[in-house]
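> Predicted model and sequence below, questions to follow.
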Amino acid sequence: MTPPLLIAEGLSKQYGTTRVVSDVGLSIARGEILGLVGESGSGKSTVARMLLRLIEPTSGTVRFDGLDVLHANRAEMKALRRRMGVVFQDPFAALDPRMRVRDILAEPFAIHGDGTLRGNAMETKLTAMLQEVGLDAAALARYPHEFSGGQRQRINIARALALAPEFLVLDEPVSALDVSVGAQVINLLRDLQRTRGLTCLFISHSMPLVRYLCDRVAVMQRGCLVEVGDAVTICEHPCEAYTQALIAATPEFALPTR
Ligand SMILES: Nc1ncnc2c1ncn2[C@@H]1O[C@H](COP(=O)(O)OP(=O)(O)OP(=O)(O)O)[C@@H](O)[C@H]1O
């Protein structure tokens, strides 16, 4: 059997005397979407940021394709960053308002590329990136404020996929969007995950959405994992009262339509 792409063990994070994540262990198989759910403040984003090493854990280990992420040196970390993408909740805050979409999408190549992608080849690449997320080439010359929330999130997704990462963290990517716009973005993410064979961590408040999109789900309460398993099974037969309450608290979710 292929080993999981990502394995975290004993992850904890403490700010001063407050422990916000306690002894979290999880693994994500290649090609799998793992949902991470829990009420606001339960530590979901903190776990995701530790997996990506955007913040340093107080203790614990993270292995990505067998590599020790938390002990990677600068060069190793730069190589790892290419392999991990992230899309945050707020499509408005994530894009620099002074940059044209062309420059936003070209930035990952400027940081990580070898400089060979230039001129027409770059233009073709950027156009293909936009098309993959359902936008056309005219967007390249425009600024973020000229787009709706859903379009901006598509631009964020295109940028996150620029360097063809294997692992994508989606931190509540549709919770700032209208329901119908969010549903379209969810369908896009589902298509991209399948066509690219991505491995994903999908953070959400919504159990029905997790059931729709995810293979397995991990449930967090006050910094701890309380339940992990098959998404449909947990949504239909939650073992923990806390998970039952999360399900009861989520409004009915209309399945995305094409
Ligand atoms: N830099 C920090 N300093 C101190 N406390 C922090 C810091 N970052 C996060 N926290 C605290 O850690 C806890 C977990 O936060 P986190 O953002 O991981 O939760 P979450 O489950 O992602 O919440 P939400 O669903 O609202 O995004 C919260 O109580 C938060 O206030």
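Perfect, I can see it now.

> burial measure for Arg63, as a count.
Arg63 has 17 neighbours, counted by other CB atoms under 10 Å. (C-beta placed from N, C-alpha, C; glycine too.)

> Excluding sequence neighbours, find me the nearest residue to it.
Of all residues not flanking Arg63 in the chain, Ile7 sits nearest, at 4.6 Å (CB to CB, 6 or more residues apart in numbering).

> And for Lys125?
Closest residue to Lys125 in three dimensions, ignoring its sequence neighbours and counting by CB to CB, 6+ apart: Leu117, at 6.0 Å.

> does that neighbour belong to a helix or a strand, and which?
Here Leu117, judged by DSSP states H and E, is contained in no helix and no strand.

> roughly how far apart are it and Arg81?
Between Leu117 and Arg81 the distance is 18 Å, computed by CB to CB, to the nearest Å.

> more crowded one of those two?
The neighbour comparison of Leu117 against Arg81 (other CB under 10 Å) goes to Arg81, with 19 against 15.

> and that one, that's in a helix?
Yes. Looking at Arg81 with DSSP: H, G, I helix; E, B strand; the rest coil, it is inside a helix.

> surely it meets Ala75?
No. Using CB atoms under 8 Å, Arg81 is not in contact with Ala75, being 10.8 Å away.

> Isn't the residue nearest to Arg63 up against Asp65?
No. Contact status for Ile7 versus Asp65: not in contact, 9.8 Å apart, counting by CB under 8 Å.

> Which helix or which strand is home to the residue nearest to Arg63?
Counting by DSSP H and E, the element that carries Ile7 is strand 6-15.

> Give the other helices and strands that the next helix or strand after that strand contacts.
Secondary structure here is assigned by DSSP H and E; on that basis, the next helix or strand after strand 6-15 toward the C-terminus is strand 18-28. Under the contact criterion of 3 or more CB pairs under 8 Å, 6 or more residues apart in numbering; DSSP states H and E, strand 18-28 touches strand 6-15, helix 44-51, strand 199-204, strand 224-230.

> Mean pLDDT, distance to the ligand and mean neighbour count for these - can I get that in JSON lines?
What follows is the helices and strands packed on strand 18-28, written out as JSON lines (pLDDT from 0 to 100; distance: least, CB to the nearest ligand atom, whole Å; neighbours: other CB atoms under 10 Å):
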{"stretch": "strand 6-15", "mean pLDDT": "98", "distance to the ligand": "4", "mean neighbour count": "18"}
{"stretch": "helix 44-51", "mean pLDDT": "97", "distance to the ligand": "3", "mean neighbour count": "23"}
{"stretch": "strand 199-204", "mean pLDDT": "97", "distance to the ligand": "7", "mean neighbour count": "24"}
{"stretch": "strand 224-230", "mean pLDDT": "97", "distance to the ligand": "12", "mean neighbour count": "17"}
